[in-house]
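> requesting a structural model of the entry that follows:
(one chain, ligands or ions: 1)
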Amino acid sequence: MMNGEDMNKKRAVVIGAGIGGLATAVRLALKGYETHLYEKNGSAGGKIGELRLEGCRFDTGPSLFTLPDLVDELFTLAGENPRDHFRYIPLESSCRYFWDDGMMLNAWTDRHRFAEEAEKVTGEPHENILGFLDECAELYDLTAGIFIFSPFYQFENFRKPESLHVARNFRKLHAFSTMHGVISRRFRSPKLIQLFDRYATYNGSSPYRAPGTLNVIAHLEHNMGAFFPEKGMREIVDALEGLANRCGVTIHTGEEVVSVVKEGKSIRGVETSSGITSCGVVVSDVDVIPFYRKLLKEEGPARKQERQERSTSALIFYWAMNRRFEELDLHNIFFSSDYPGEFRALRKGEVTDDPTVYLFASSRVVPRDAPAGKDNWFVMINVPYDRGQDWKRIVRAACANIIKKLGRRLGCDIEAAIDAEEVLDPKLIERLTASHRGALYGSSSNSRFAAFRRHPNVRNRYDNLWFVGGSVHPGGGIPLCLASARIACDMIPPAE
Ligand SMILES: Cc1cc2nc3c(=O)[nH]c(=O)nc-3n(C[C@H](O)[C@H](O)[C@H](O)COP(=O)(O)OP(=O)(O)OC[C@H]3O[C@@H](n4cnc5c(N)ncnc54)[C@H](O)[C@@H]3O)c2cc1C
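You can find the predicted model right below:
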């Protein structure tokens, strides 16, 4: 018979049911822990939300889905066939690009087809494009094992043979150039340079400041493929929540953790409105800054994290449209005519009058997401993280500029086609998900040292506290949050 103390050691608490928290809870349950997952909101998912409006369904957060194997892996670990619970399709085109001068380009996921179409449209020789994509693939092979899928800040990590291989090929990392610097040396076409520069925004950074190593991001869509869940992005959460339940995780939705109970180097438990739950393992999926400040009540580490520049945030209009626009694909980009100007404005905490507009219409893959003959538009621009700007004014101005830009390019009155609207801005993102200043991806990668300064998945200060999610190593975005859960849980010993 176990005594109370032993039972508590077998109990694990995960704080926050974002994708990182859900994946962690599944992994801990499979390690034999009695796992409790606490989520302050009424449902799990964090940034991967859902909205219904005027007969339309919208995914409110992420829409680009790469490396689906990382989701599948969780079902396989539990001895299940992923396809029995979670289904997704490979996309033929990862994005349709529009420029103000009337040019349009499909980014086919078949790289040869893409390179041929890009050559026809931009004049850039297809060999250059394929050569650059090969370089991105090589970057991934060099960096993934060290920078993405392991706790690379640990000393032992630098003694692995892979690290020596990286050191020998250091020049190929382009750590001392910017993404834009590398890309603009590879291509002559300004349009293709802009297309590849855009991948910096996948972690909320600027191509003019982020290190060239981040050109690895293009490899995911262009060489490994882009995917989409058959029922929309929210299916990722629903499927993982189902898996967590089957693994025996207790999910406490609507129950905020208000503090963490410390004793010396150990965390003894967490406090919620229902009282204190004692446990032997705690994993936080909460943004590290509010975690330190509000839950651990430690101002020093919170300030240290705050010194790192936050990633960009987003302003999103969810528009139920009264007609269907056949010229749109699932993912569409309407580029700014002044890309450097757009990032200069973001750096100053402002929004340009000519922003790059991302338009996502999930009904292209999930027809029931919009009524027949209509569209569900998720219209997003990158905006700075919240620094106390007048968001009401910014939202009004951006809405008018976006309507003008899309109207010009699609040749119609966009305002007249909007039946209903909801808006998400950085302040609301922070309120809903506790992301510091509404940043989408924690700290930005606008420095060659960013990866080294990102908060690790474990700190020596506490012997039973781990960190996952978009604000810690290896970074934001669904695949990296899933990687953080794998890294943290690999360090946690199985329940005795
Ligand atoms: C608009 C938008 C677009 C994006 N686009 C993409 C994309 O296309 N592709 C992509 O891969 N990624 C994208 N991302 C990023 C991606 O969504 C995130 O990196 C990822 O979902 C974050 O997961 P997480 O595990 O960090 O948890 P989060 O989603 O940040 O969730 C944290 C959870 O913790 C809960 N919580 C906080 N404090 C407490 C507390 N004290 N007690 C209990 N619960 C608490 C919150 O309520 C929340 O549910 C996008 C994000 C946004 C917002």
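
> just the strands in the stretch 251-400 of the chain please.
Listed in chain order, the strands of the stretch 251-400 of the chain (DSSP state E, counting those that start in this stretch) span 257-263, 266-272, 275-278, 281-284, 313-321, 331-334, 357-360, 375-383.

> any chance of these in a markdown table with distance to residue 478 and mean pLDDT as columns?
Backbone N, C-alpha and C define where each C-beta goes, glycine included. Output for these, formatted as a markdown table (distance: least, C-beta to C-beta, whole Å; pLDDT from 0 to 100):
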| stretch | distance to residue 478 | mean pLDDT |
| --- | --- | --- |
| strand 257-263 | 23 | 96 |
| strand 266-272 | 26 | 96 |
| strand 275-278 | 28 | 96 |
| strand 281-284 | 18 | 98 |
| strand 313-321 | 15 | 98 |
| strand 331-334 | 15 | 98 |
| strand 357-360 | 15 | 98 |
| strand 375-383 | 16 | 98 |
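
> look at the closest residue in space to residue 438 that isn't next to it in sequence and say how many residues are nearby.
Using C-beta to C-beta, 6 or more residues apart in numbering and skipping the chain neighbours, the partner closest in space to residue 438 is residue 426 (2.9 Å). Neighbour count of residue 426, defined by other C-beta atoms under 10 Å: 25.

> now do the domain split for this structure, please.
The chain breaks down into these domains under automatic domain parsing: 4-40+254-309+443-491, 50-108+312-440, 110-224.

> what about the shortest one and the ligand, any contact?
In other words, domain 110-224. No: on the criterion C-beta under 6 Å from any ligand atom, domain 110-224 is out of touch with the ligand, staying 7.1 Å away.

> compute the first-to-last residue distance for that domain.
Domain 110-224 has an end-to-end distance of 10 Å (C-alpha to C-alpha, to the nearest Å).

> heads up, I number from 58, so please use that
Will do, 58 is the new start, and the previous item becomes domain 167-281.

> residue 175 and the ligand, how far apart?
22 Å (C-beta to the nearest ligand atom, to the nearest Å).

> which of the strands of the stretch 308-457 of the chain is buried the deepest?
strand 338-341 (a mean of 27; mean count of other C-beta atoms under 10 Å).

> so the residue nearest to residue 495 is in contact with residue 440, correct?
Yes: using C-beta atoms under 8 Å, residue 483 is in contact with residue 440, at 6.4 Å.

> what touches both of the two?
Common neighbours of residue 483 and residue 440 are listed as 370-372 (criterion: C-beta atoms under 8 Å, 6 or more residues apart in numbering).

> export the residues you listed to TSV and append columns for distance to the ligand.
Shown next, in TSV, are these (distance: C-beta to the nearest ligand atom, whole Å):
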residue	distance to the ligand
370	8
371	4
372	9
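
> ok, so of those residues, who is nearest residue 192?
Lowest distance from residue 192 to those (C-beta to C-beta) belongs to residue 371, with 29.3 Å.

> residues in a beta bridge with the closest one, which ones?
residue 439 (DSSP bridges).

> contacting residues around it?
Applying C-beta under 8 Å, 6+ apart, the residues contacting residue 371 are 437-440, 481, 483, 486, 497.

> would you check which of the residues you listed are in contact with the ligand?
Filtering the contacts of residue 371 for proximity to the ligand (criterion: C-beta under 6 Å from any ligand atom) leaves 486, 497.

> so which of the contacts of residue 371 is the closest to residue 129?
Nearest to residue 129 among the contacts of residue 371 is residue 497, at 24.6 Å by C-beta to C-beta.

> excluding sequence neighbours, find me the nearest residue to residue 422.
The shortest distance from residue 422 to any non-neighbouring residue, by C-beta to C-beta, 6+ apart, is to residue 285 (4.9 Å).

> ugh, wrong one, I meant residue 475
Excluding the flanking residues, the one nearest residue 475 by C-beta to C-beta, 6+ apart is residue 376, at 4.8 Å.

> do the same with residue 380
Distances taken as C-beta to C-beta, 6+ apart place residue 474 nearest to residue 380, at 5.6 Å, with adjacent residues excluded.

> counting neighbours, what do you get for that neighbour?
If we define neighbours as other C-beta under 10 Å, then residue 474 has 21 of them.

> list the contacts for it?
Counting by C-beta under 8 Å, 6+ apart, residue 474 makes contact with 378-380.

> how near is it to residue 421?
Between residue 474 and residue 421 the computed distance is 17 Å (C-beta to C-beta, to the nearest Å).

> what's the answer for residue 360, then?
In this view, residue 360 and residue 421 are 45 Å apart by C-beta to C-beta.

> again with residue 256
22 Å.

> give me the distance between residue 442 and the ligand.
12 Å.

> quick check: phi and psi at residue 109.
phi -120, psi 130 (degrees, to the nearest 10).

> check which helix or strand the residue nearest to it when sequence neighbours are not counted maps to.
Distance criterion C-beta to C-beta, 6+ apart; nearest residue to residue 109, sequence neighbours excluded, is residue 115 at 7.6 Å. Element membership of residue 115, judged by DSSP states H and E, is strand 113-116.

> what is the distance between that strand and the centre of its chain?
In terms of C-alpha atoms, centre = their mean, to the nearest Å, the centre of strand 113-116 is found 19 Å from the chain centre.

> hmm, the following helix or strand past it in reach of the ligand?
Next in sequence after strand 113-116, counting helices and strands by DSSP H and E, comes helix 126-134. No: Helix 126-134 does not reach the ligand (C-beta under 6 Å from any ligand atom); its nearest approach is 10.5 Å.

> residues in contact with helix 126-134?
By C-beta under 8 Å, 6+ apart, helix 126-134 touches 80, 83-84, 87, 138-139, 141-143, 293, 296-297, 300, 535-536, 539-540, 543.

> measure stretch 477-486 end to end?
By C-alpha to C-alpha, one end of stretch 477-486 lies 20 Å from the other end.

> just to revisit the earlier point, quick one: contacts for the residue nearest to residue 109?
So residue 115 contacts 107-109, 375, 419, 426, 433, 435, 479 (C-beta under 8 Å, 6+ apart).

> what's across from residue 478 in the sheet?
residue 376.

> tell me the contacts of it?
For residue 478, the contacting residues are 110, 374-377, by C-beta under 8 Å, 6+ apart.

> same thing with residue 533?
Per C-beta under 8 Å, 6+ apart, neighbours of residue 533: 260-261, 368, 497-499, 527.

> any idea how far it lies from the ligand?
Remark: distance between residue 533 and the ligand (C-beta to the nearest ligand atom) = 4 Å.

> buried set for the lengthiest helix in the chain?
Longest helix in the chain, counting residues (DSSP state H): helix 448-467. For helix 448-467, the neighbour count (16 or more other C-beta atoms under 10 Å) marks 448, 451-452, 455-456, 458-460, 462-463, 466-467 as buried.

> and the helix or strand just after it, how far out from the chain's middle?
Next helix or strand after helix 448-467 toward the C-terminus (DSSP H and E): helix 471-474. Centroid separation for helix 471-474 versus its chain: 30 Å, with C-alpha atoms, centre = their mean.
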